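# Need coordinates for the below:
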Amino acid sequence: MGYQLRILDAIAGADPAGLLAEAGRAITAGGSWERFVEVRMSAGPIVRITGDGRSGYEVSVGWGSQEGRLRARALQSAIECADRLAHVFYEMRGAGMIRD
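Predicted structure coming up:
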């Protein structure tokens, strides 16, 4: 069994394959894919994946004062990484570590 989305599941269902086609088309057409994911009462992360498919993908996740960036070799890995980072931000907020 593969990775189960925890934050991006709101727009893709339970598995990263649900976003592969959508993100792939957007990146091919314009170089990037970006979505806001509402997690609670109009709050949530903005997830962005950019790349050319040959040299990997740049992932950025921003939520208020929090921002994280990383690189992934494959689009599915980029989606999983974006979800993991967004989930960490969510958990930090839930633990009262971040207020903005």
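# separation between residue 20 and residue 13?
Distance, residue 20 to residue 13, using C-beta to C-beta, to the nearest Å: 12 Å. (Glycine included, C-beta is placed from N, CA and C.)
# For these two, indicate the residue with more neighbours.
Counting neighbours by other C-beta atoms under 10 Å for residue 20 and for residue 13 shows that residue 20 has the greater number, 16 against 13.
# you'd agree the more buried one is in a strand?
No - going by DSSP: H, G, I helix; E, B strand; the rest coil, the assignment for residue 20 is helix, not a strand.
# where does the protein have low pLDDT?
Applying pLDDT under 70 to the chain flags residues 1, 14, 100.
# the strands in this structure, which residues?
Secondary structure of the chain (DSSP state E): strands at 32-36, 46-51, 57-63, 66-72.
# Buried deepest among those strands, which one?
Across the strands of the chain, averaging neighbours per residue (mean count of other C-beta atoms under 10 Å) puts strand 57-63 on top, at a mean of 21.
# Note down every partner strand of that strand and its orientation.
Counting by DSSP bridges, the strands paired with strand 57-63 are strand 46-51 (antiparallel), strand 66-72 (antiparallel).
# picking that back up, reformat the strands of the chain as TSV; add distance to residue 91.
Listed next are those as TSV, based on distance: least, C-beta to C-beta, whole Å:
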stretch	distance to residue 91
strand 32-36	19
strand 46-51	16
strand 57-63	11
strand 66-72	11
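# closest one to residue 79 among these?
For the strands of the chain, proximity to residue 79 was assessed by C-beta to C-beta; strand 46-51 is nearest, at 7.2 Å.
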